[in-house]
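**Student:** Using only what follows, build the 3D model:
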Amino acid sequence: MKKERKSNELRSVSVAGHLFFSMAVCAFAFSTPALAETEQERHLLGHPAERRIIDSINLGVPESEEEHDFRALGAQRMDPGSDPEEHNWNVEKDYTEENEIALGEWGRRLLRRGAIEEKDRLPDNATYGGWMDFELAVDPEKQNYVTFKLWGSETAPGGLVLQVDGASAGPIWRGVNTGGSWGNAPVFPGRWVYRTMPLSYEVTKGNDRVRVRVQQNAHGIPPTLYNAYSHTDSYFVPPEDERQGEPFVWGPGRPKPEGFDLEEALEKNAMEHIENVMNRGTRARLTDLARIYTTEWSGYYRDENIIETAARILDGRARQFARDGHLGMRWIK
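**Tutor:** Numbers count the residues shown, from 1 in each chain. Below is the predicted model of the structure:
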């Protein structure tokens, strides 16, 4: 009986070791930066003449919206000269001489579900609020993309999702409660942010126009949208005549403090982190253990104790799943 139990324990450690080694390889692969070759960069960026914008809509501009058969519910038209406080608009407006928001451009902001009358709310989703849809021209034979323009000085917690001809195309921007960071601080003050997404070839194939729908999602007002563009190049280049904010300029560098050794300081911080992880035992993260296990100078390179700790962590998660039917994550039931 003892021999069989010992065999099972060794098998458990061995299986965990193989799994853990795979995780270690993945952790190493994802933490290693890849440098693009010059030829690859040229292929990616293409020639400026090939970066063709097929169509675009200026949201909040009546003439442009009418041309694209614009429809909406709970989509505020945002005036760049208005007082942000009147609209609960968390955006800075001191980036132009005229003291206007977003370089003086109009936009559309979708309201959260609670701000829409109950009779107009979508019944099939508890987090969907305002929406807008419009038509964009596409190339019926090529891979198409859509790019949305947002103002980097805005702070907004809500999310935006995209649908094309009724088919889901994924999130344009994630809300704070779904992993996004737009609601914590401005992501690019004084500059435009361009979000490019591929359109399904099955949806655009044989069609010269598609209907694009933008839907508010998550609990909060999402960022304002200013433009939407359709194009066939995966790398979006804004039109030359489109007004841009001032690029960020680094200030003068500070001199190195006397007696400061950067390499020594980094090594000290790294070793403190390693010891902190190792002292956590089964409460440590597997990704941290994987990096320590595969780092030669960590002091625990290929240490069998790490394999045994990983096996105990995995066994504990397996017992938790057997007991509860999930691992404590809201999206796994």
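**Student:** pLDDT below threshold where in this structure?
**Tutor:** 1-51, 92-99, 115, 119-120, 122-127, 175-183, 326, 328-333 (pLDDT under 70).
**Student:** all helices in it, in order from the N-terminus.
**Tutor:** Ranges of helices in the chain, per DSSP state H, are 2-31, 38-45, 62-67, 201-204, 262-279, 286-294, 304-324.
**Student:** how deep is the closest residue to residue 89 other than its chain neighbours tucked in, by neighbour count?
**Tutor:** Using Cβ to Cβ, 6 or more residues apart in numbering and skipping residues adjacent in sequence, the residue nearest residue 89 is residue 78, 7.1 Å away. All C-beta spots, glycine's among them, are computed from the backbone N, C-alpha and C. For residue 78, the number of neighbouring residues by other Cβ atoms under 10 Å comes to 24.
**Student:** cool, the one 10 residues further on as well?
**Tutor:** Other residues within reach of residue 88 by the criterion other Cβ under 10 Å amount to 9.
**Student:** Run through the residues that contact it.
**Tutor:** Shown in contact with residue 88 (Cβ atoms under 8 Å, 6 or more residues apart in numbering): residue 221.
**Student:** go with 6 Å
**Tutor:** Contact analysis of residue 88 by Cβ atoms under 6 Å, 6 or more residues apart in numbering lists nothing.
**Student:** repeat for residue 229
**Tutor:** The contact partners of residue 229, by Cβ under 6 Å, 6+ apart, come to 53, 56, 147.
**Student:** List only those of those residues flagged as buried.
**Tutor:** 56, 147 (16 or more other Cβ atoms under 10 Å).
**Student:** now the contacts of residue 229 in a markdown table, with distance to residue 258?
**Tutor:** Below are these laid out as a markdown table (distance: Cβ to Cβ, whole Å):
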| residue | distance to residue 258 |
| --- | --- |
| 53 | 54 |
| 56 | 55 |
| 147 | 49 |
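**Student:** Just the contacts of residue 229: which are in strands?
**Tutor:** Among those, DSSP state E puts 53, 56, 147 in strands.
**Student:** roughly how far apart are the residue lying closest to the first one once chain neighbours are set aside and residue 68?
**Tutor:** Translated: residue 53. Spatial nearest neighbour of residue 53, excluding adjacent residues (Cβ to Cβ, 6+ apart): residue 231 at 4.9 Å. To residue 68, residue 231 is 15 Å away according to Cβ to Cβ, to the nearest Å.
**Student:** Please compute how far stretch 281-290 lies from its chain's middle.
**Tutor:** Averaging C-alpha coordinates over stretch 281-290 and over its chain gives two centres that are 25 Å apart (Cα atoms, centre = their mean, to the nearest Å).
**Student:** buried stuff in that stretch?
**Tutor:** Going by 16+ other Cβ under 10 Å, stretch 281-290 has these buried residues: 284, 286, 288-290.
**Student:** ditto for stretch 310-327
**Tutor:** 310-311, 313-314.
**Student:** swap in stretch 220-239?
**Tutor:** Neighbour counts over stretch 220-239 (16+ other Cβ under 10 Å) mark 220-233, 236-238 as buried.
**Student:** Residue 232 and residue 289, how far apart?
**Tutor:** Distance of residue 232 to residue 289, given as Cβ to Cβ: 45 Å.
**Student:** now residue 314
**Tutor:** 11 Å.
**Student:** ok, now residue 276?
**Tutor:** From residue 276 to residue 289 the distance is 12 Å (Cβ to Cβ).
**Student:** Compute the number of surrounding residues for residue 91.
**Tutor:** Close neighbours of residue 91, defined as other Cβ under 10 Å, add up to 21.
**Student:** Quick check: it touching residue 83?
**Tutor:** No: using Cβ atoms under 6 Å, residue 91 makes no contact with residue 83, being 11.0 Å away.
**Student:** for the longest strand anywhere in the chain, packing partners?
**Tutor:** When the chain is parsed with DSSP E, its longest strand is strand 209-217. Using 3 or more Cβ pairs under 6 Å, 6 or more residues apart in numbering; DSSP states H and E, the elements in contact with strand 209-217 are strand 131-137, strand 159-164.
**Student:** What strands line up against that strand, and which way round?
**Tutor:** Neighbouring strands of strand 209-217 in its sheet, by DSSP bridges, are strand 131-137 (antiparallel), strand 159-164 (antiparallel).
**Student:** Of the ones you listed, flag the one that's most buried.
**Tutor:** Most buried of the strands paired with strand 209-217, by mean neighbour count (mean count of other Cβ atoms under 10 Å): strand 159-164, with a mean of 22.
**Student:** tell me how far stretch 74-93 is from the chain's mean position?
**Tutor:** Worked out by Cα atoms, centre = their mean, stretch 74-93 lies 24 Å from the chain centre.
**Student:** sorry, that was for stretch 298-316
**Tutor:** In terms of Cα atoms, centre = their mean, the centre of stretch 298-316 is found 32 Å from the chain centre.
**Student:** same deal with stretch 128-142?
**Tutor:** Counting by Cα atoms, centre = their mean, stretch 128-142 comes out at 21 Å from the chain centroid.
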